[in-house]
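J.: sequence and predicted model, in that order:
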Amino acid sequence: MQFTIAHETTYRYAEPIHESYTICHLQPLSDLDQYCTRFELSVIPRTRVFSYADRFGNFVQHFSVIPEHPLLSIAARSTVVTARPQDPQAPSGAPRKALLADPQLRLLYDFLSPSPLVEFGRNLRALSDEIGEAESDVVAWYLCAGKYIKDNFAYIKRATTVHTTVDESVRLRAGVCQDFAHVLIALCRLNGIPARYVSGYIFSGQGDSVLGAEASHAWCEAYLPEIGWFGYDPTNGKIINEYFVKIAIGRDYRDVSPVRGVYKGLAKSTMSVNVAMDELYDVDRERALARAFAEQQQQQQQ
Amino acid sequence: MQALLEGYVSQELFDEFADERGEPRPHYRALARTVGAISTSDFRHRVEMVNSVLLQRGVTFTVYSDARGTERILPFDLLPRIIPVADWTQIARGIAQRVRALNAFLHDVYHEQRILLEGKVPYDLVYSSAFFNREMLDVRVAGDVYIHVSGIDLIRDVSGRYLVLEDNLRTPSGISYVLENRDVLKRSFPQLFAEYMPLPVDDYPIRLREALRRVAPATTDDPTIAILTPGIYNSAYFEHTLLARRMGVELVEGQDLIVHDNVVYMRTTRGLSRVDVIYRRVDDDYLDPLFFRPDSALGAAGLFNAYRAGNVTIANAVGTGVADDKAVYPYVPAMIRFYLSEEPILDNVPTYDLGDLRQRRHVIEHLHELVVKRATASGGYGMLMGPASTAAERAAFADAIEANPREFIAQPVIQLSSHPTIVEGEILPRRVDLRPFVLYGDEIECPPAALTRVALENGSLVVNSSQGGGSKDTWILGE
């Protein structure tokens, strides 16, 4: 699949602010399963945009605006080709022994430990007991834990904020995609399975209705024996397929928040976010298919 | 004064001044003669004079728990500590070796992580350190130098052997006392000073400035250096102003800096002026609200990205604390072997690994004879001195250790060496340590500038200035 994504974030301030510094995680990753063919970031007021690759391999953009400004608008446009299957199958199971035997495991300290937004609280431990242990089959346990969140947690906006802890959303049995991803990550880490946070997009035009498409989305990747990093979306109860686009990976939301920054000024800000994701009608591919079809027809006529 | 010195009896320790027979060691003989020749009243007069000079000059050190107010002079002891050339040669080689290995360790843990992959230092130990700064992973620093200024704390055991007690690799303070103590002592004992001719310390600020110039970004031939201070409420503010003045560089606070397009500027009366090297005396957490503590106003937003881009050098580098985490300290000898293929010149104090169940049991059963320190604390805060502790204190530490063994280390009590010290008009033995400072620009150098701290209470083993210790001028002798 090929998508174009327009992701616009606008901050409006009651009084002009100054000396604003902004960091963005908005450029989709290129890896084995997807390729970002185009990325542009435009900022109002105009300023120079700098970028670097962070320690996770994410592409980060950042900029500063010194003079007073009443508004800050960040528009990211990207084109991404995804190469995952449309309907990926659950991989075959593997016992925990296989995970413990993996020499990579000890290098994944950061994905096995609590992180600022993923802590192991009382409610989380109770939830983990409810789901059961991951001894005999780590893969089945992971998919089951993800499905459990899908089935037992309510998707409610404004039930939580970006600061809500894992334990709090477990208690509420509610939240949004970010919370669900954190809960699944916390469950994995608590059970000794490395897990990381993925921010990205989900395409809503895939037939059945999906949650989380109107803004940026988030899910979990767990490190499974003999498989490696494997993505699951606990908000929609889906294995990551060709309709998902990855932006960035991190320990939790705080490592990869799409836009964050600081400024000087006392004015209150209001933020609006708009994400538009479209399947790109590939003219060249369609023409090639049409040509091949025409040639086939001609050959049959001859 | 003769009487006072004759009554000097050292305890069951190594004494810097007197040998086993109570005679002055060769390098202290001239001092003994001079002090012996001064009348008691003249001597007391000199002590009073020195204290009033220090107070006038504003040599102060804030003690956070001192209810009498935040400004207090660091008690200065008039009797200098003297280090013969043979000792200094060994010390300088030993601390240079240590800093070279620690710097290599920092570069390694923030890049290839060879020492972790080869299992010489546990991976979890580094990643669980509160000072392991993940933002520094894959960030190149100028000249691969992380530890531009360090203070290595040395003590001597009962046999007189020098041991490394702590490496201070973040923002070690104390050099202002070295400079001030020397100024004062030179005037109090001009003849004695002329007789000994200790190596000079006054060029330290210039040597520091030159070391910092050599690690400036390649974009400039004539770098602008600034000292970043947290401000007047910081305990070492006096030192920051003194260094800025003697180095001839700007002293700035966070609010004086502004970053734009990845370049750091300072606001001056003539507009913005580019800054190339920041000698910061602000902790990592406060450097940039965008990456570290969001509520900090002590640093500058955007500073870390300018640093990452190589447009400014920060000294010491961000993230050096992982190498002076006390739980990492036991591995420094292994680092010396791993990176330098050398044997350590100076030994560590034996340290228990509290992550190991058997050692932890042993420590908890023997708390009354051990020293327990918090792995990430400094300045003598949050430690347990076993022999001087109460049962309740030991019980509290035992619980805290069980709850979080990674946060603590334990060591046997080392009997620090003693040195004649003036206590209420008498000369008595008091425990001392030694903090030499190491500079690292393009080369590692050990200026003959070291701070001797002295525990003023009888029997006390805690010399930290923040715990009421005093200081002595330290005379390092040349060839």
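T.: It's in.
J.: low-confidence regions, the chain specifically.
T.: Unless you meant another one, I'm taking chain A. For chain A, the stretches flagged by pLDDT under 70 are A:206-208, A:282-286, A:288-289, A:300-302.
J.: you looked at the wrong chain, it should be chain B
T.: Using pLDDT under 70, chain B drops low at B:1-7, B:9-11, B:55, B:58-74, B:378-380, B:464-468.
J.: nearest residue to the middle of it?
T.: Geometric centre of chain B, nearest residue: B:Gly151, 3.6 Å, by Cα atoms, centre = their mean.
J.: on the three-state scheme, that one is what?
T.: What DSSP: H, G, I helix; E, B strand; the rest coil gives for B:Gly151 is strand.
J.: quick one, what contacts it?
T.: B:168, B:172-174, B:435-438, B:451 (Cβ atoms under 8 Å, 6 or more residues apart in numbering or on different chains). For the C-beta atoms, the positions are set from N, CA and C on the backbone; glycine is no exception.
J.: at 10 Å instead, please
T.: B:95, B:166-175, B:324, B:434-438, B:450-451 (Cβ atoms under 10 Å, 6 or more residues apart in numbering or on different chains).
J.: again, but for B:Pro448
T.: By Cβ under 10 Å, 6+ apart, the contact list for B:Pro448 reads B:83, B:85, B:88, B:92, B:178, B:198-201, B:203-204, B:436-437, B:474-478.
J.: and these, which of them are buried?
T.: The neighbour-count criterion (16 or more other Cβ atoms under 10 Å in any protein chain shown) marks B:83, B:88, B:92, B:178, B:198-199, B:201, B:204, B:436-437, B:474-477 among the contacts of B:Pro448 as buried.
J.: chain center to stretch A:107-127: distance?
T.: Put simply, stretch A:107-127 sits 18 Å off its chain's centre (Cα atoms, centre = their mean, to the nearest Å).
J.: buried ones in stretch A:259-266?
T.: Going by 16+ other Cβ under 10 Å, stretch A:259-266 has these buried residues: A:259-263, A:265.
J.: what comes up buried for the lengthiest strand in chain B?
T.: When chain B is parsed with DSSP state E, its longest strand is strand B:426-440. Within strand B:426-440, the residues that count as buried by 16+ other Cβ under 10 Å are B:427-440.
J.: quick check: bridge partners of A:Ser51?
T.: Taking DSSP bridges as the rule, A:Ser51 bridges to A:Gln61.
J.: for it, give me its contacts.
T.: A:24, A:27, A:39, A:41, A:59-63.
J.: got it, and A:Gly261?
T.: For A:Gly261, the contacting residues are A:11, A:20-24, A:62-65, A:72, A:74, B:289-290, B:301-302, by Cβ under 10 Å, 6+ apart.
J.: same check on B:Asp15?
T.: Contacts of B:Asp15 by Cβ under 10 Å, 6+ apart are B:8-9, B:22, B:24-25, B:28, B:156, B:160, B:417-420, B:429, B:432.
J.: for B:Gly248, what are phi and psi?
T.: In terms of degrees, to the nearest 10, the main-chain angles of B:Gly248 are phi 70, psi 40.
J.: distance between stretch A:173-189 and the chain's centre?
T.: How far stretch A:173-189 lies from its chain's middle: 12 Å, per Cα atoms, centre = their mean.
J.: so that stretch, near chain B or not?
T.: No. Judged by Cβ under 10 Å from any Cβ of the partner chain, stretch A:173-189 and chain B are separated, with a smallest distance of 13.7 Å.
J.: where's B:Thr220, which helix or strand?
T.: B:Thr220 belongs to no helix or strand when assigned by DSSP states H and E.
J.: so what's the residue nearest to the centre of chain B bridging to?
T.: Using DSSP bridges, the bridge partners assigned to B:Gly151 are B:Asn168, B:Phe437.
J.: B:Ser39: how many residues sit nearby?
T.: For B:Ser39, the neighbour count with other Cβ atoms under 10 Å in any protein chain shown is 10.
J.: quick check: the gap between it and A:Glu133.
T.: Per Cβ to Cβ, to the nearest Å, B:Ser39 is found 83 Å from A:Glu133.
J.: same question, B:Arg46
T.: Counting by Cβ to Cβ - B:Arg46 and A:Glu133 are separated by 75 Å.
J.: need the contact list for the closest residue to chain B within the stretch 151-300 of chain A.
T.: The minimum distance from the stretch 151-300 of chain A to chain B, using Cβ to the nearest Cβ, falls at A:Val262 (5.0 Å). Contact analysis of A:Val262 by Cβ under 10 Å, 6+ apart lists A:19-23, B:288-290, B:294-296, B:301-302.
J.: what's it sitting at in phi/psi?
T.: Torsion angles, degrees, to the nearest 10, at A:Val262: phi -130, psi 160.
J.: tell me the bridge partners for it.
T.: A:Tyr21.
J.: got the contact list for the residue of the stretch 201-350 of chain B at minimum distance from chain A?
T.: Nearest residue of the stretch 201-350 of chain B to chain A: B:Ala301, at 4.3 Å (Cβ to the nearest Cβ). By Cβ under 10 Å, 6+ apart, B:Ala301 lies in contact with A:19-22, A:64, A:261-264, B:254, B:257-259, B:287-291, B:294.
J.: quick check: residues of the stretch 1-150 of chain A near chain B?
T.: Within the stretch 1-150 of chain A, the residues that sit near chain B (Cβ under 10 Å from any Cβ) are A:19-23, A:47-50, A:52-57, A:60, A:62-66, A:106-110, A:112-113.
J.: looking at those, which are in helices?
T.: Among the residues of the stretch 1-150 of chain A next to chain B, the members falling in helices (DSSP state H) are A:109-110, A:112.
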